[in-house]
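K.L.:
model this:
(one chain, ligands or ions: 2)
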Amino acid sequence: MTTPLICPSILASDFSKLGEEVRAITEAGADWVHIDVMDGHFVPNITIGPDVVKALRPHSNLPFDCHLMISPVDSFLEAFRNAGADYISLHPEAGPHLHRSLKYIRQLGAKAGVVLNPATPVEILDWVMDDIDLVLVMSVNPGFGGQSFIDGQLKKIEVIRKKLDAVGHHAILQVDGGVNAANAHLCVEAGATAMVAGTAVFKGGPSAYAANIKQLKGL
Ligand SMILES: O=C(CO)[C@@H](O)[C@H](O)COP(=O)(O)O
Ligand SMILES: [Co+2]
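P.N.:
Ligands and ions are numbered 1, 2, ... in the order given. A predicted model of the protein is given here:
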């Protein structure tokens, strides 16, 4: 089994020192920096925008993985790319035109991801297969960190793993929400290649980050 990429969600970090936190997870062995962008409309919470992403960019050379929970999304894609986003993922429900948005993300030079909420059917992937670099399976309903992992989403990861393998697609299969040391190996066994973790990485403060990341990797 391959070692999964660990993508700490800075939503669980200390917002009063975001730059330091991003540096700390970078030094602790994180693979990507996961940035949850929420608009208080698509999801019931408000977090950060492109200016904050831009301010954080000099603090790490890791890929910035921007999970956009905003609607409509198209008018903000360029701003996130210019701010330093390497991966930009969006929800089909954010609209208005998923296919157009994915094409645009790639035109901007970023990698494009589709995010599936717990109740979003996997079949939507069939129609955007050629336009994606990443599939993100939400194992909680989006909007907040610190929620419990929905076990039923493991089945969805398995189904998507088969779907990708059947056509030799090399998209990253990422899981997000409630991932911790107890369920991380189940995600990997189901076929995930990247895991987002907020609470499980940032618990215990900076001195614990390296051990937390190592544990999630199953090392
Ligand atoms: O996108 C989201 C929530 O909407 C996630 O990225 C969470 O922020 C992950 O946090 P934990 O569930 O790991 O605490
Ligand atoms: Co997220």
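K.L.:
can you give the contact residues for the biggest helix by length in the chain?
P.N.:
Ranked by residue count, the top helix of the chain under DSSP state H comes out as helix 153-166. Applying Cβ atoms under 8 Å, 6 or more residues apart in numbering, the external contacts of helix 153-166 come out as 116, 118, 122, 125-126, 135, 137-139, 169-171, 173, 175, 186-187, 190-192. Bear in mind the C-beta positions are built from the backbone N, C-alpha and C, glycine included.
K.L.:
switch the cut-off to 6 Å
P.N.:
Val122, Val135, Val137, Ser139, Ala171, Leu186, Ala190, Gly191, Ala192 (Cβ atoms under 6 Å, 6 or more residues apart in numbering).
K.L.:
could you verify my assumption that the last one touches Ala171?
P.N.:
This points to Ala192. No: with contacts counted by Cβ atoms under 6 Å, Ala192 stays clear of Ala171, the gap being 11.6 Å.
K.L.:
these two: who's more crowded?
P.N.:
Ala192 (27 against 19; other Cβ atoms under 10 Å).
K.L.:
residues contacting the more buried one?
P.N.:
When contacts are counted by Cβ under 6 Å, 6+ apart, Ala192 is found next to Ile157, Leu173, Val175.
K.L.:
how far away is the nearest residue to the first one once chain neighbours are set aside from Asp31?
P.N.:
So that's Ile157. Spatial nearest neighbour of Ile157, chain neighbours left out: Ala190 (3.9 Å); criterion: Cβ to Cβ, 6 or more residues apart in numbering. Distance of Ala190 to Asp31, computed by Cβ to Cβ, to the nearest Å: 19 Å.
K.L.:
one more: Ala83?
P.N.:
20 Å.
K.L.:
thinking again about what came up before, of the contacts of helix 153-166, which belong to helices?
P.N.:
Those of the contacts of helix 153-166 lying in helices (DSSP H): Leu186, Ala190.
K.L.:
what about the residue of the chain found nearest ligand 2, how many neighbours?
P.N.:
At 3.7 Å from ligand 2, His67 is the closest residue in the chain, using Cβ to the ion. Residues near His67, counting by other Cβ under 10 Å, number 27.
K.L.:
in a strand, it, correct?
P.N.:
Yes: His67: assigned to a strand according to DSSP: H, G, I helix; E, B strand; the rest coil.
K.L.:
residue contacts, it?
P.N.:
Residues counted as contacts of His67 (Cβ under 6 Å, 6+ apart) are Asp36, Ser89.
K.L.:
can you name the residues bridging to it?
P.N.:
In this entry, His67 is beta-bridged to Asp36, Ser89, by DSSP bridges.
K.L.:
distance of it from Arg81?
P.N.:
Distance from His67 to Arg81, by Cβ to Cβ: 14 Å.
K.L.:
would you list every one of the helices in the protein?
P.N.:
Using DSSP H, helices in the chain cover 18-27, 50-56, 74-83, 98-107, 153-166, 184-190, 199-202, 209-217.
K.L.:
the chain against ligand 2: which residues are in contact?
P.N.:
Asp36, His67, Asp176 (Cβ under 5 Å from the ion).
K.L.:
hang on, the earlier thing: burial count for the residue nearest to Ile157?
P.N.:
The burial count for Ala190: 20, using other Cβ under 10 Å.
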